[in-house]
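Engineer: my questions concern the predicted model and sequence given below.
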Amino acid sequence: MLAIVLAVILLAFAVVAWLPGGFGWSAEIIAFLKGFCPFLAFFLAIVCIFVGIADIKDKQEARKEEEETEKEQNT
C-alpha cells in the first residue's frame, strides 16, 4: 500500500513538473529526455542481446536434453 501511495505522489510531482504552469521545468525535462533517450536505447539493445544469447543457449540445451531422452527411450 505504501508503494502505491508513493507512486501516486511521484506521478503527481512529475505531471506538475512537466506542465508549463507548474514548476516550469518542461524545457529542462525535454533536454534531459533528448540526452537520455540515446543512452536508454543503447542500454536496452545490450540487454536484448544478452537475453537473445541466453534464449539461444536455452534452446540448444533443451534440444540436447530431448535427444538424450530419445536415446534413453530407444535403448
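Structural biologist: Yep, it's here. Numbers count the residues shown, from 1 in each chain.

Engineer: what pLDDT does the model give Thr75?
Structural biologist: Listed pLDDT for Thr75 reads 68.

Engineer: residues contacting the residue minimising distance to the centre of the chain?
Structural biologist: Centroid-nearest residue in the chain, with Cα atoms, centre = their mean: Leu44, separated by 6.6 Å. Residues near Leu44 by Cβ atoms under 8 Å, 6 or more residues apart in numbering: none. Backbone N, C-alpha and C define where each C-beta goes, glycine included.

Engineer: and it, how far from Pro38?
Structural biologist: 11 Å (Cβ to Cβ, to the nearest Å).

Engineer: how far is the lengthiest helix in the chain from where the chain is centred?
Structural biologist: Counting by DSSP state H, the longest helix found in the chain is helix 26-74. With Cα atoms, centre = their mean, to the nearest Å as the basis, helix 26-74 stands 10 Å off its chain's centre.

Engineer: and for stretch 25-42?
Structural biologist: 17 Å.

Engineer: mind listing what's buried along it?
Structural biologist: Across stretch 25-42, burial judged by 16 or more other Cβ atoms under 10 Å covers Trp25.

Engineer: who's in contact with that stretch?
Structural biologist: 17-20.

Engineer: which element is Ile9 on?
Structural biologist: Under the criterion of DSSP states H and E, Ile9 resides in helix 2-18.

Engineer: can I get that helix in CSV, CA atoms only?
Structural biologist: The C-alpha coordinates for helix 2-18 follow below in CSV (Å, rounded to 0.1, in the frame of the first residue of the first chain):
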residue,chain,number,x,y,z
LEU,A,2,2.8,2.4,0.8
ALA,A,3,4.4,1.7,-2.6
ILE,A,4,1.1,2.7,-4.4
VAL,A,5,0.8,5.9,-2.4
LEU,A,6,4.4,6.8,-3.1
ALA,A,7,3.9,6.0,-6.8
VAL,A,8,0.9,8.3,-7.0
ILE,A,9,2.8,11.1,-5.2
LEU,A,10,5.7,10.7,-7.6
LEU,A,11,3.4,10.7,-10.6
ALA,A,12,1.7,13.8,-9.4
PHE,A,13,5.0,15.5,-8.9
ALA,A,14,6.1,14.5,-12.4
VAL,A,15,3.0,15.9,-14.0
VAL,A,16,3.2,19.2,-12.1
ALA,A,17,6.9,19.5,-13.0
TRP,A,18,6.1,18.8,-16.7
